[in-house]
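A.B. asks: Fold the following, please.
(2 chains)
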Protein chains: 2
Amino acid sequence: MSGHFVTFDGQAAPIQVPTGTLLVDAARLAGIQISQPCGGQGRCGRCVVQVTDGKVRTRSALRLTPEDIAQGYVLACQSVIEGNISVQVPPQDKIERRLTTDRTIGDVSVPTSYSFATSQTIRRVVLTLPAPSMDDQTDDWSRLQTALRNRLGLTDVQASLPLFQKLGAALRASDWQVTVVLDLNPDAPERAHLIAIYPGSRENEPLWSAAVDIGTTTVTLWLVDLITGQVRAQVSEYNQQITRGEDVISRIIYASKNGGAEELRGLVTGTINQLLRTACKRVKANPEDVIKATIAGNSTMTHLLLGLNVQSIRLAPFITSVNHLPLTSAREVGLELFPDAVIDCLPGVASYVGSDISAGVYSSGLDETEKLTLFMDVGTNGEIVLGNRDWLVTCACSAGPAFEGAGVQDGMRATEGAVEEVWIAGKNAPHPYEPTYRVIGNGKPRGICGSGLLSLLAELFQTGVVDKRGNFNTTLKTPRIRDGEHGYEYVVEWESQSENGRDLVFTSIDLDNLLRAKAAIYAGFTVMAVSVGVSLDTVEQVLIGGSFGKYINVEKAIQIGLLPDMPWEEFQFLGNTSIKGAYYALLNQQARQRVTEIASRMTYLELSANNTFYDAFMSAMFLPHTDLNRFPSITVSD
Amino acid sequence: MSGHFVTFDGQAAPIQVPTGTLLVDAARLAGIQISQPCGGQGRCGRCVVQVTDGKVRTRSALRLTPEDIAQGYVLACQSVIEGNISVQVPPQDKIERRLTTDRTIGDVSVPTSYSFATSQTIRRVVLTLPAPSMDDQTDDWSRLQTALRNRLGLTDVQASLPLFQKLGAALRASDWQVTVVLDLNPDAPERAHLIAIYPGSRENEPLWSAAVDIGTTTVTLWLVDLITGQVRAQVSEYNQQITRGEDVISRIIYASKNGGAEELRGLVTGTINQLLRTACKRVKANPEDVIKATIAGNSTMTHLLLGLNVQSIRLAPFITSVNHLPLTSAREVGLELFPDAVIDCLPGVASYVGSDISAGVYSSGLDETEKLTLFMDVGTNGEIVLGNRDWLVTCACSAGPAFEGAGVQDGMRATEGAVEEVWIAGKNAPHPYEPTYRVIGNGKPRGICGSGLLSLLAELFQTGVVDKRGNFNTTLKTPRIRDGEHGYEYVVEWESQSENGRDLVFTSIDLDNLLRAKAAIYAGFTVMAVSVGVSLDTVEQVLIGGSFGKYINVEKAIQIGLLPDMPWEEFQFLGNTSIKGAYYALLNQQARQRVTEIASRMTYLELSANNTFYDAFMSAMFLPHTDLNRFPSITVSD
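C.D. replies: Predicted coordinates:
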């Protein structure tokens, strides 16, 4: 091998890699994980490392200053190893594990109509078969088939080879008494899939299942006892894929690299498996006893989970491999439930409107209301739906992850140390233009999360620090506004008071990112309304799902023109509508059927080649909007 | 670990094993395969090894003389390691590879009515799909579903997750032209299973499939081009399981040991995979392009292949896990065809009448003839069928593997060095009672194979060396009859003329084994005839399948009372009826359906608890039979 030695700071032995190896890949070989929030595109600058000895060939040095470069700093995802080198890797941002430690079940109750025996398709029955004899040498499977025909009227029962492998021993272990778990076919009452067979009776035990929501940022799992319908544990955690790209586009790019798709697949199954173990431990269940999972997520997340091709999602004309996925098994997907557990991936609509939205629409009740309703799920992506029980249109706004604190210089996720709300003193205050803020955890600030950014932008606009075009008013007499490295910026906190000893700033670039994000979403509303010939004024309620809704301040969101100017009581925050939809679909066959109908019914508007969208976007690139008639409650001082 | 060191002769380093390890298992750990024809029951004495240093605890020393024991000889399958030892393993009998090298296709022609497009369920079609666009963002799977609906009227197409994983790339690799391979559902014209998708057109290529017969001793594979129906290669080889038991009972016992079932499974899949590679190489095909296999075999063989529980096959009341197996895939079974290839295991009847018999009956035409017919397939086991197009009864005779040369002191398989036919001079000949014989390969004899034993017994009986009760006539003046280690015996060849320098003998015990085997089969005929109230005299034809039929001399088989006394022209030798049945079932859906009907229709007689059988067996323990009226053509001298 024509190889080179790479020595990582703090590691005893160098590793050897072939010429042409990327520095990030060498690091991974050495067991060092380097964050690549942009998916390895060389855009975010977060994978910076210092080459202290030797040289690398760099493809791009975006975001590095000449001084940085002179000191040997390079982007690890853009550096090709062509000789022996020594490398120093700065401490990486840890993904704080925000495993829900709350042991109370919040925000959900079992539908009152729920009945294990009739609501959903899983059946568990205890059978006692007649033992074989020299006069009745029927084979085991025929014997079981007869019992299932007599008991449940099933004439066409399928099972996997591993089930057949267990059959003989299971029947004989407890004197021909067995517990079987079946998944009935809702379209054909005579057909069923035999999932599991256990010796003896399990009559009085729970029957475990799970609802899962795979978000780009966060994965949530609810452990459900199908017998009672109760959610027995709720857990959530960051999607371990985050270090390989913060948004779906970055993940898709990362998946296009050699082995990238497999790595991402392993990271998300790892996340789900970890959540499953945690949830099961809490109720003293065994993950191997979980016999079904219903999964919602955006199309990129479900495609990555299942190992489907994601490249066509990113490239025009933006096509998924499968929207309506057939049932599969835990074994095939690589989840550590019971190996033959049914995995039901709910149906999505299009490349950027996935099953999280179909499930969310169902759980929000939008598809059954008479009211003209706007539904939005702004998490890492922004998907919106307009409609009522008669019609539904949907679109995805490429808002970017700014509302999750990504792509912003001092942005961060909504965890300890994040500024989550900001107030700015007006021009007549004792200390004009000075900020006060609230930090999650009440310590010194480390950065600003989505709700903090939104609040900050609204306050800057209200106090005239930023004008309606999004430009800083540099004539104001305050040291907070200054000409920084990347243009004008507002200093939220000085280095002496910040956690990391650096000034905490909000730059013109950040402002522009935020403006684009809110404009994309508002333009989405406009395009949907135009497409069906209604006015946004006639919208009767706004339903907000997703993590975005959790902390948002409606007043400020209206002030910047992100949300339409409506009375506050017409906004409803529904929390994680996707996991709720998955839970209902798990528990109820009619609900499951409705999610499919919603996915099939929704008219998807592709915005990327839509002129109306472009115009609406440009009009929304103002604070709050060029057309002030749309925001009667907002007073704008020139 | 409280371990002991075991040094095998000829190996540099000792291995370490825990107390209680069996010597055979230690040998396997050291990479030494010790033959266990009886499956490790301590019955056959073939696994003998010499402990040259240290001691083992022996559970049984059957077949060892006091002298053997004094010299440290032990049965490896019965010796428990409880201290450090050194072991010398004698050279093991090699399993001669009798891979068919004949490159001509024998004994089979494509049914004249065969048509790829209509005879069987596999379809291969080339589709050109409309490319997606911004105006048609249908997902890949829906696009393909539409094409399949338009082209083949399919509305319910299933596919495995790995197929979905390939879908996106396959569609885009050749400009939306793909070749798909489907397996139609014969019971529901709208349903199909999508097996494979390839970019571009494969229109002019063969479409590979296989018919497989898994015998206890020999595995046979025919490689078939489904487009033409032609058999393009025929290969067969010993079942690699042989070293783990020569008959099905020994295999089942071996499977009950820790890891035994998995080992046997690996050995038979290994055999099939090897055959597949050989066959494919011959016609320059890729094993991964074989998209279907139809498999026949006795119930133990198919259960071991699929990893099903075999223990209940051996124990009363003798129950299989599954007789009518659903379709499975190469991936699940562990065969190295195309991973999603359809594996169709043909249906069997009972524990000891498997799909080799259902397939054999079909290919023999027995189920469609008006003639009262006796069908027999005597290989390692003996299964027989009586009937015609109106009714079929079947039973399995636990004949033992004597006709394959097993369980006989100087018995061997029909390979090089085996005595395959014997003639004995009569009392008035110049050298009375002296034998002449024919050896396979024309060298010195190493042992006697099944046809040789049958011939030998008939000649011994005809010349009066053995009387009708099966006793040696010790009054005859010939050195060939002598009192040996295991009672009286006849010397077929002296040590000076034998290959291995030992006298080649046929002992009283061997004679008894052979007598029992032929009596079991003849008693089977009798019981079947009694059960349906017909006389064996009324049988109009005898169809003989299996390896047994290949070399058998009908005259001598009648002389010893193995076959009923009928004119020779009423016997037909059909060769391997099982593989032929599998081939027809692969090529023709009606044939496949008939095999299922035959398996369901056949009335199985359990002989093990049958008094009629016991009486018939005792009556048949004479040469040729107690009831000489049954054998009018045979003259018996008292």
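A.B. asks: Quick check: phi and psi at residue A:246.
C.D. replies: Note on residue A:246: backbone dihedrals following degrees, to the nearest 10 are phi -90, psi -20.
A.B. asks: Just confirm it contacts residue A:37, I think it does.
C.D. replies: Yes: using Cβ atoms under 8 Å, residue A:246 is in contact with residue A:37, at 4.2 Å. The C-beta positions use only the backbone N, C-alpha and C, and glycine is treated the same way.
A.B. asks: So for those two, which residue has more residues nearby?
C.D. replies: Using other Cβ atoms under 10 Å in any protein chain shown as the criterion, residue A:246 and residue A:37 rank with residue A:246 on top: 27 against 22.
A.B. asks: Contact partners for the more buried one?
C.D. replies: By Cβ atoms under 8 Å, 6 or more residues apart in numbering or on different chains, residue A:246 lies in contact with A:37, A:38, A:44, A:216, A:217, A:380, A:401, A:404, A:406, A:407.
A.B. asks: Using CSV, please lay out those residues together with distance to residue B:502, secondary structure and pLDDT.
C.D. replies: Formatted as CSV, these follow (distance: Cβ to Cβ, whole Å; DSSP: H, G, I helix; E, B strand; the rest coil; pLDDT from 0 to 100):
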residue, distance to residue B:502, secondary structure, pLDDT
A:37, 79, coil, 71
A:38, 80, coil, 75
A:44, 82, coil, 69
A:216, 78, coil, 91
A:217, 79, coil, 88
A:380, 81, coil, 71
A:401, 84, helix, 68
A:404, 85, helix, 71
A:406, 84, coil, 72
A:407, 87, coil, 76
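A.B. asks: ok, of the residues you listed, which one's closest to chain B?
C.D. replies: Nearest to chain B out of those is residue A:216 (Cβ to the nearest Cβ; 19.9 Å).
A.B. asks: For the stretch 51-200 of chain A, which segments count as strands?
C.D. replies: A:56-58, A:73-75, A:79-81, A:85-88, A:122-128, A:156-159, A:177-184, A:191-199 (DSSP state E, counting those that start in this stretch).
A.B. asks: Can you say which of those is packed in most?
C.D. replies: When the strands of the stretch 51-200 of chain A are scored by mean count of other Cβ atoms under 10 Å in any protein chain shown, the highest mean neighbour count falls to strand A:73-75 (a mean of 24).
A.B. asks: tell me which strands and helices that strand is in contact with?
C.D. replies: Using 3 or more Cβ pairs under 8 Å, 6 or more residues apart in numbering or on different chains; DSSP states H and E, the elements in contact with strand A:73-75 are strand A:48-53, strand A:56-58.
A.B. asks: Would you reformat the ones you listed as a markdown table and include distance to residue B:170?
C.D. replies: Below are these laid out as a markdown table (distance: least, Cβ to Cβ, whole Å):
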| stretch | distance to residue B:170 |
| --- | --- |
| strand A:48-53 | 39 |
| strand A:56-58 | 36 |
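A.B. asks: For the closest residue to residue A:447 other than its chain neighbours, list the residues it contacts.
C.D. replies: Distance criterion Cβ to Cβ, 6 or more residues apart in numbering or on different chains; nearest residue to residue A:447, sequence neighbours excluded, is residue A:412 at 3.3 Å. By Cβ under 8 Å, 6+ apart, residue A:412 lies in contact with A:405, A:418, A:446, A:447, A:448, A:449.
A.B. asks: surely the fourth one meets residue A:415?
C.D. replies: Okay, so that is residue A:447. No: using Cβ under 8 Å, residue A:447 is not in contact with residue A:415, being 9.5 Å away.
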